[in-house]
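Q: Based on what follows, work out the 3D shape:
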Amino acid sequence: MKRVLIIGGASGIGLSLSLYLANQDEVEHVFVLDKKPFDAQYQHDKISAEVFDVTSEDYSVLDNYADVDALYITAGYGHLGMVEDFDDKYIRSIFAVNAEGPIRILRHFYPRMLEPKPFYSAVMVSIAAHLSSPLFAYYSATKAAVRMFIEAANVELEVQGSENRIMEVSPGSLKGTSFNGGQSDPAQTTALAREIVERSVQRQQLFIPQYDEVFKGVLQRYQDNPHQYGISSYWYKKNGRKHT
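A: Down below sits the predicted model:
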């Protein structure tokens, strides 16, 4: 890949992707779009940043990046809480950022994915898109929407003869990101950023970090008894432990 666009590349895993890719010899330039300004301490000669809010009605800014050959979407957020703790404004916002935004962006670049030349893409989803996640009901619903869109879009790419694929990245809780009140620390997420890039270049369609170590068993427990898993997940988070 030569020219890369990262949506949400000013913090968290997006920031690690920006810095990792900028330090690869084969990458000519990394373009970052984010609601937050790019932190001056991470400035790099091969990184250009522009402020962009995925909740905007106007997505014409994406036309300026028609010549990129890789796309990574990492924008998103979520908060722990009961269903009744959040109002309509929050519901509209989280769906706009986590679901509508990524889907609109993917649709914008979809014609490029249908072309014969390689186009690499990945979207940060969540393990919460794969199982019951009480206390993260809105967040998991938004991520599930994106997961199902990616799955269907990849089938359509295949039947239309394209070798390009969108990769779903579905981790659990990540240290070194701003999710749920955390702080960005690229040192803690560089290894994951590297693996995301490597797997997307291989055109993998699903990447669950720590699958063998953690989430294979988690997903099996959910499939065996979704209701009991949900009850256990509720109390796990209610007792102050991090979401898995």
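Q: what's across from Met124 in the sheet?
A: Assessed by DSSP bridges, Met124 has beta-bridge partners Val169.
Q: count of neighbours near it?
A: Counted with other Cβ atoms under 10 Å, residues neighbouring Met124 total 27. (C-beta placed from N, C-alpha, C; glycine too.)
Q: so what secondary structure elements neighbour the lengthiest helix in the chain?
A: For the chain, the longest helix by residue count, based on DSSP state H, is helix 137-159. In terms of contacts (3 or more Cβ pairs under 8 Å, 6 or more residues apart in numbering; DSSP states H and E), helix 137-159 is packed against helix 88-95, helix 101-113, strand 166-169.
Q: would you put the C-alpha positions of the last one in CSV?
A: It refers to strand 166-169. Taking Å, rounded to 0.1, in the frame of the first residue of the first chain, the C-alpha atoms of strand 166-169 are listed here in CSV:
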residue,chain,number,x,y,z
ILE,A,166,-13.3,-5.5,4.2
MET,A,167,-11.7,-6.9,7.4
GLU,A,168,-13.7,-6.8,10.6
VAL,A,169,-11.4,-6.3,13.7
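Q: buried residues in it?
A: Residues Ile166, Met167, Glu168, Val169 are the ones in strand 166-169 that count as buried (16 or more other Cβ atoms under 10 Å).
Q: and for the longest helix of the chain, what are the contacting residues?
A: With Cβ atoms under 8 Å, 6 or more residues apart in numbering as the contact definition, helix 137-159 has outside contacts at 76, 78-79, 83, 86, 90-91, 94-95, 97-99, 102-103, 106, 110, 113-114, 123, 125-126, 128-130, 132-133, 164-166, 168, 170, 205.
Q: Equivalent analysis for stretch 110-117, please.
A: For stretch 110-117, contacts defined as Cβ under 8 Å, 6+ apart pick out Ala66, Asp69, Phe119, Ser121, Ala153, Leu157, Gln160, Ser162, Glu163, Asn164, Ile166.
Q: Distance-wise, check the fifth one relative to Pro102.
A: Pointing back at Ala153 there. Computed as Cβ to Cβ, to the nearest Å, the Ala153 to Pro102 distance reads 11 Å.
Q: Settle it for me: which of the two has more neighbours?
A: When Ala153 and Pro102 are compared for neighbours, Pro102 comes out ahead with 27 against 18, by other Cβ under 10 Å.
Q: for the more buried one, what are its contacts?
A: Contacts of Pro102 were listed using Cβ under 8 Å, 6+ apart, and they are Ile7, Val54, Ile73, Ala75, Gly76, Val123, Val146, Phe149.
Q: which residues touch the first one?
A: Okay, so that is Ile7. Ile7 sits next to 14, 33-34, 52, 54, 71-75, 101-102, 105 when contact means Cβ under 8 Å, 6+ apart.
Q: show me what contacts the residue positioned nearest the centre of the chain?
A: By Cα atoms, centre = their mean, the chain has its centre lying nearest to Met124, at 1.5 Å. Each residue near Met124 by Cβ under 8 Å, 6+ apart is listed here: Gly8, Ile13, Gly14, Ile73, Thr74, Gly76, Val169, Pro171.
Q: Skipping its backbone neighbours, what lies nearest Val54 in space?
A: Nearest non-adjacent residue to Val54, counting by Cβ to Cβ, 6 or more residues apart in numbering: Gly101, 3.3 Å away.
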